[in-house]
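# need a 3D model of the sequence below.
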Amino acid sequence: MGLAGVILAAGESTRMGRNKALLPWPPGAKGHGTILSVAITALGNHCDLVIVVAGKNEVEIQRVVFGCGAFLVRNAAPERGQFSSLQTGLREVLNRGRDNAMITLVDRPPAKAETLSSLVNAFAGRDHGVWAIVPEYHGKHGHPILIGREMMEAFLQAPASANAREIEHASQQRIVYVATEDPLVSVNVDTPEDYARFRL
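Got it, this is the predicted structure:
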């Protein structure tokens, strides 16, 4: 399919108080895995390549990114918001010759392997008019989302001040929502309290 993974990791982690990308994952586990390295591995199992979008934290996270065999691209102006990081990542997907992307946020713990497989299978078997596959847990939309070239163009043609949700809603008839019993698709790890809930 020419599928590229994209992990948005350019935020400043202000609510967490430290770089979320480098948090040990799962919390309390012995070893050297971080939430970013685990995400790269999870997406890498289904994608030709994985791109991590960094911001001011580029130097901090590059060892993890390169150590996991991923590519790093910097959002030159992360203060414009997460949507600008999405556009930065998608431009890199196209630059690397891929037409499809699996996108997630670094503060979303990776979904279960079987969940990712089911999303990739749904994407591979989608009808021609479907631009995106989005997981849904008990009515709540989550990540990763899988998008084709048409949805990529819709995101890239929008102003940097837009947000992904607006564009998804405008293209809703082109999106298939896949129900899953995996709560990880809708979990955020934004604060120390969020992180502590996953401690082993």
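
# going by neighbour count, list what's buried in stretch 127-147.
Using 16 or more other Cβ atoms under 10 Å as the burial criterion, the residues of stretch 127-147 that qualify are 130-135, 137, 142-147. Bear in mind the C-beta positions are built from the backbone N, C-alpha and C, glycine included.

# ditto for stretch 152-171
Neighbour-count burial for stretch 152-171 flags 152, 154, 155, 158, 162, 164, 167, 168, 171 (criterion: 16+ other Cβ under 10 Å).

# columns pLDDT, secondary structure and distance to residue 58 on top of those, output as JSON lines?
Shown next, in JSON lines, are those (pLDDT from 0 to 100; DSSP: H, G, I helix; E, B strand; the rest coil; distance: Cβ to Cβ, whole Å):
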{"residue": "152", "pLDDT": "96", "secondary structure": "helix", "distance to residue 58": "23"}
{"residue": "154", "pLDDT": "95", "secondary structure": "helix", "distance to residue 58": "28"}
{"residue": "155", "pLDDT": "96", "secondary structure": "helix", "distance to residue 58": "22"}
{"residue": "158", "pLDDT": "93", "secondary structure": "coil", "distance to residue 58": "25"}
{"residue": "162", "pLDDT": "88", "secondary structure": "coil", "distance to residue 58": "24"}
{"residue": "164", "pLDDT": "89", "secondary structure": "helix", "distance to residue 58": "22"}
{"residue": "167", "pLDDT": "92", "secondary structure": "helix", "distance to residue 58": "27"}
{"residue": "168", "pLDDT": "89", "secondary structure": "helix", "distance to residue 58": "28"}
{"residue": "171", "pLDDT": "90", "secondary structure": "coil", "distance to residue 58": "31"}
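
# farthest-separated two in the residues you listed?
152 and 162 (14.1 Å; Cβ to Cβ).

# mind checking how far the residue lying closest to residue 163 once chain neighbours are set aside is from residue 64?
Nearest non-adjacent residue to residue 163, counting by Cβ to Cβ, 6 or more residues apart in numbering: residue 83, 5.1 Å away. Relative to residue 64, residue 83 is positioned 24 Å away (Cβ to Cβ, to the nearest Å).

# low pLDDT regions in this protein?
Applying pLDDT under 70 to the chain picks out residues 200.

# what helices or strands is the longest helix seen in the chain leaning on?
Criterion DSSP state H: the longest helix present in the chain is helix 82-95. For helix 82-95, the contact count by 3 or more Cβ pairs under 8 Å, 6 or more residues apart in numbering; DSSP states H and E identifies strand 3-8, strand 49-54, strand 71-74, strand 100-105, helix 149-157, helix 164-170 as packing neighbours.
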